[in-house]
Structures are given as structure tokens and as C-alpha cells.
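**Q** Need coordinates for the below:
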Amino acid sequence: MKATLIILATLSFVARAEDAKPTTWVDQYEALLQKHVTAQGVNYAAWNASAADKKQLATVISAIGKEHLSGKSKDAQLAFYLNAYNAHILDQILKEYPTDGPGGGGLFGRNKFFKRSNLLVAGKKTSFTALENDVIRPTFKEPRIHFALNCASASCPPLHPEAFRGSSLDATLTALTKAFVSKNPKGVKPIGWKKVAISKIFDWYEEDFKAAGGALAYINQYRNTKLSKGTKVSFQSYSWKLNATPNK
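**A** Numbers count the residues shown, from 1 in each chain. Modelled structure (predicted):
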């Protein structure tokens, strides 16, 4: 009887452990993010050193290539594309690691990194540039995506340590936008009386913020402390250095 109880307890423990394992590629992706993404950056060194974690990311990338979007809600589709972009960025960086930044950090390599059509997303070959500018931006017309997409660079908004999901996407995008323009000096940095230096993102994607009245008006929609009328705005220089954890 005692032996039977031990066996049953063991089987129960194994069953619970199996239930705890990620069951979809989104769950697998989130487990990797939770393990390797910190507030200070991505621990690429540890990720690169783990054959199991690189294999799991490869599984995620394969699933992204085979995904079918028909029948999914608009939020679910956008969540998919955001995950696809960020997961592919991580995959490409790990394939180049060690590296100073996307494409090695230089302009030529960086252009190749973002523009080569070597990504498979929902059955279609694409590039990072095309995925962002030909699919995500024109299809969804959602400026908050700029604070969710991560290009593996130091000046980019931090990589969200969770997978995006359609059911919570709106709240997540709002939270990320608020954090970047209210708490992160890479988003908005006071530099003097009624003067701020804002992310270069607001310059590069100026068109996306026009409907809100421009960058300053858009920022004020999400800032805890509003920037006063007449505030002079300049743009920060953009660092393409790898968004790795310090000393990693």
C-alpha cells in the first residue's frame, strides 16, 4: 500500500511538472524572455552558452514561420507580429554573437541585418525593415508599437520580458509607452528649463505621431508629468550598441 502511494505521488508530481511546461510557442518564447531579459538588458552571453535555450528559440522561430493568421483578431495578429519581430531579432543576434550590435555595429552591416529578406513569418519571406514598415505600421496604424518592437540596440525601448498576447495587448502597449516617455531618459530627457531631448524614434517615425498633434502632444498623452506648452524639443543621438546586460 505504501509503495502504491509513493508511485501515485510520483506520477502526480510528474503530471504537475508536465502541466507546468510551456505548451505553445508563445509560452516557450515567454519562458526564454523571463530567463534571459532583465531591466539592464538581455543576457546574450548566458543565452548563447545554453544549447537547450538556443534550440528552444529555434523551435519558436520555426513555429513563427508556420503560423496561420486567418481568423485571428486584429489584436492577436498584432501581438503575433510584435513577437515575431522581437524573436527573430534575438535569433539573429545570437547567430552573430559575440557582436557589438546588429550587423556588427557598423552602418553597412546594420543595413544588411535589417534589410535582408531572410526571415520567415507566417509563411512569407521578409526582412525586419519590410516587416515593420510594410506590414506592422501600415496595417495596424498603431504608434505604440514603437515602444514594443526591439532592435537589440541600447537606445531602443527595453525588450519587454513577456510575450505579447492579443487579450492583454492594449494594456501592455499603453504601459510600455508610459514607461518609456515618463520613466526612461532614453525616451524623454530634461536638459534645461523647458528643454527636453527625446528619442530619435520620434524623428524617424514623425508621420506616425502627426494624428496626435506631433511628438510633444503624443508624449503628453502618456506622461505622468506633462511637458508644458512651448517646451523646446531636440532629438537624442541614437546608440546602436548591443542592448546586452552590463559586462555580458
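**Q** switch to C-alpha atoms for all contacts and neighbour counts from now on
**A** Will do.
**Q** Run a quick neighbour tally on the closest residue to residue 87 other than its chain neighbours.
**A** The shortest distance from residue 87 to any non-neighbouring residue, by Cα to Cα, 6 or more residues apart in numbering, is to residue 61 (7.0 Å). Using other Cα atoms under 10 Å, residue 61 has 20 neighbouring residues.
**Q** Which strand or helix spans residue 61?
**A** Here residue 61 sits within helix 51-66, counting by DSSP states H and E.
**Q** Can you name the next helix or strand after that helix?
**A** Per DSSP H and E, helix 51-66 leads on to helix 74-96 as the next helix or strand towards the C-terminus.
**Q** just checking, what packs against that next one?
**A** Counting contacts by 3 or more Cα pairs under 8 Å, 6 or more residues apart in numbering; DSSP states H and E, helix 74-96 is packed against helix 51-66, helix 169-182.
**Q** so the residue nearest to residue 87 sits right up against residue 88, yeah?
**A** Yes - using Cα atoms under 8 Å, residue 61 is in contact with residue 88, at 6.8 Å.
**Q** Report the contact partners of the closest residue to residue 219 other than its chain neighbours.
**A** Leaving aside its chain neighbours, residue 219 sits nearest to residue 181 (6.3 Å; criterion: Cα to Cα, 6+ apart). Contact partners of residue 181, counting by Cα atoms under 8 Å, 6 or more residues apart in numbering, are 187-188, 219, 222-223.
**Q** Could you tell me how many residues sit around residue 113?
**A** Neighbour number of residue 113 under other Cα under 10 Å is 21.
**Q** and what of residue 229?
**A** 9.
**Q** which SS state does it fall under?
**A** Of the three states, residue 229 takes coil according to DSSP: H, G, I helix; E, B strand; the rest coil.
**Q** Distance check, it against residue 216.
**A** 9 Å (Cα to Cα, to the nearest Å).
**Q** go on, residue 126?
**A** When residue 126 is compared with residue 216 (using Cα to Cα), they lie 33 Å apart.
**Q** What are the contacting residues of the helix holding residue 61?
**A** When contacts are defined by Cα under 8 Å, 6+ apart, helix 51-66 is touched by residues 25-26, 28-29, 32, 47-48, 84, 87-88, 91, 120-124.
**Q** Filter those down to the buried ones and express that as a ChimeraX selection.
**A** Of the contacts of helix 51-66, the buried ones can be selected in ChimeraX as follows, counting by 16 or more other Cα atoms under 10 Å:
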select :25,26,28,29,32,47,48,84,87,88,91,120,121,122
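**Q** now, which of the contacts of helix 51-66 lie within helices?
**A** 25-26, 28-29, 32, 47-48, 84, 87-88, 91 (DSSP state H).
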